[in-house]
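Engineer: After the sequence you'll find the predicted model.
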Amino acid sequence: APGKMQACGRVRGWGRRIKAITSARHSYFGRDWRHYHGNHNITTIDYNEPGSFDYRVYAVDQDTDTPVSLWHNVPLNGSSDSVFNMIVEIGKFSRAKMEISTTEPLNPIKQDTKNGQLRDYHGPIFWNYGALPQTWEDPAVKGPQEVLGCYGDNDPIDVIEIGSQEVSSGSIIQVKVLGALAMIDDGELDWKIIAIALSDPLAKDMNSVEDVDCHMPHTINGIREWFRWYKTPDGKPLNSFGYEEKALDSDFAVDVIRDTHQAWRELVSTKRGAEAQTADLWIGEEP
């Protein structure tokens with residue numbers, strides 16, 4: 001898979017190292033993580049068995065052979081102004097609800113749990129789903145009236161990659177931003193960035209939501225309705241969307257990404273990291 005190292009026998013050697021890191025109460029690399037910002041030579045490695053409570057996907061800096069944070073060390077920016085690095089959490093047609101752990105040391109990908117059970121979607125997701133590193137939807141920032149004044153959901157910003165390739169969880173790929181939906185989930189603002197993998201054959205022809213409607217008709221409607229309904233089998237209400245449910249253009253989406261990147265910078269600079277709302281987030285802090 002793009003940007004992903006297969007586990008093979010190497011996991012045995014890494015297991016002791018990762019266990020030592022994650023069992024420590026302090027950061028493995030303290031404040032030195034800032035030195036990794038320009039490093040694009042990062043891959044991922046599996047740890048433990050998929051489908052288990054202990055399964056994790058960790059990021060590794062191949063130049064130094066050092067574990068790093070998926071959230072904080074993978075650079076946000078890609079090869080141009082509208083291209084960004086995406087961390088794929090859930091591959092197309094998958095059901096396991098995988099996500100970056102914002103609270104565990106090194107922020108690995110793990111399967112979400114609910115009521116003591118590993119969490120699966122009730123049906124497959126039809127796109128590659130993940131997050132943009134070095135972003136954060138600040139739960140203390142109130143959104144505009146167009147999103148009913150909702151606050152951020154305290155997570156990295158989500159990305160829906162609509163290309164033709166099925167990409168495995170833990171892959172790091174470059175995507176071109178095409179637009180955004182302002183989802184409101186349980187009273188929180190949960191942006192969904194719509195993008196396409198730069199390697200996809202259609203990427204050269206796609207620059208906007210209008211292009212999506214032209215080349216991949218009904219895709220945006222499908223995304224909107226999937227995310228509107230996907231929690232209802234659990235007895236939860238329908239999700240809604242701000243900005244009159246419109247898919248916002250790529251320039252707007254890039255501005256949202258830049259805003260969430262600035263929020264992340266403030267978080268990791270400890271301007272926000274010490275607050276009660278963010279106390280559980282792992283940002284590489286020293287003891």
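Structural biologist: The structure has been received and is ready for your questions. Residues are numbered from 1 along each chain as shown.

Engineer: for the closest residue to residue 186 other than its chain neighbours, phi and psi?
Structural biologist: Closest residue in space to residue 186, ignoring its immediate chain neighbours: residue 236 at 7.5 Å, by CB to CB, 6 or more residues apart in numbering. Where you see a C-beta, it was placed from the backbone N, CA and C, and this is true even at glycine. Per-residue torsions, residue 236: phi -90, psi 160 (degrees, to the nearest 10).

Engineer: Tell me how far residue 236 lies from residue 105.
Structural biologist: Remark: distance between residue 236 and residue 105 (CB to CB, to the nearest Å) = 31 Å.

Engineer: In terms of neighbours, single out the busier of the two.
Structural biologist: Each of residue 236 and residue 105 has its neighbours counted (other CB atoms under 10 Å); residue 105 has more, 20 against 11.

Engineer: neighbours of the residue nearest to residue 211 when sequence neighbours are not counted, just the number please.
Structural biologist: Leaving aside its sequence neighbours, residue 211 sits nearest to residue 205 (CB to CB, 6+ apart; 6.5 Å). A total of 11 residues lie near residue 205 under the criterion other CB under 10 Å.

Engineer: before we move on, what about residue 108?
Structural biologist: 24.

Engineer: contacting residues for it?
Structural biologist: Contact analysis of residue 108 by CB atoms under 8 Å, 6 or more residues apart in numbering lists 47, 56-59, 70, 100-101.

Engineer: The residue nearest to residue 211 and residue 167: what is the separation?
Structural biologist: 20 Å.

Engineer: about what we covered before: farthest-separated two in the contacts of residue 108?
Structural biologist: 47 and 100 (14.4 Å; CB to CB).

Engineer: Tally up the residues packed near residue 57, please.
Structural biologist: Neighbours of residue 57 using other CB under 10 Å come to 25.

Engineer: following the helix or strand harbouring it, which helix or strand comes up?
Structural biologist: Using DSSP states H and E, residue 57 sits in strand 56-61. Using DSSP H and E, the helix or strand that directly follows strand 56-61 along the chain is strand 66-68.

Engineer: Give the rounded mean pLDDT of the next helix or strand after that following strand.
Structural biologist: As assigned by DSSP H and E, the chain's next helix or strand after strand 66-68 is strand 83-90. Averaging pLDDT along strand 83-90 gives 97.

Engineer: biggest strand in this protein, by residue count?
Structural biologist: Ranked by residue count and defined by DSSP state E, the top strand of the chain is strand 172-185.

Engineer: Quick one: list the elements packing against that one.
Structural biologist: If you count contacts as 3 or more CB pairs under 8 Å, 6 or more residues apart in numbering; DSSP states H and E, strand 172-185 packs onto strand 42-47, strand 83-90, strand 158-161, strand 188-197, helix 209-215, helix 219-229, strand 240-241, helix 250-268.

Engineer: Of the contacts of residue 108, which is the nearest to residue 256?
Structural biologist: residue 100 (18.5 Å).

Engineer: burial measure for that closest one, as a count.
Structural biologist: Count around residue 100 with other CB under 10 Å applied: 22.

Engineer: who's in contact with it?
Structural biologist: Counting by CB under 8 Å, 6+ apart, the residues that residue 100 touches are 70-71, 87, 89, 107-109, 131, 155-156.

Engineer: Return the backbone torsion pair for it.
Structural biologist: According to degrees, to the nearest 10, residue 100 has phi -70, psi 130.

Engineer: Can you tell me the element the closest residue to residue 164 other than its chain neighbours falls in?
Structural biologist: Spatial nearest neighbour of residue 164, excluding adjacent residues (CB to CB, 6+ apart): residue 200 at 6.0 Å. Here residue 200, judged by DSSP H and E, is contained in no helix and no strand.
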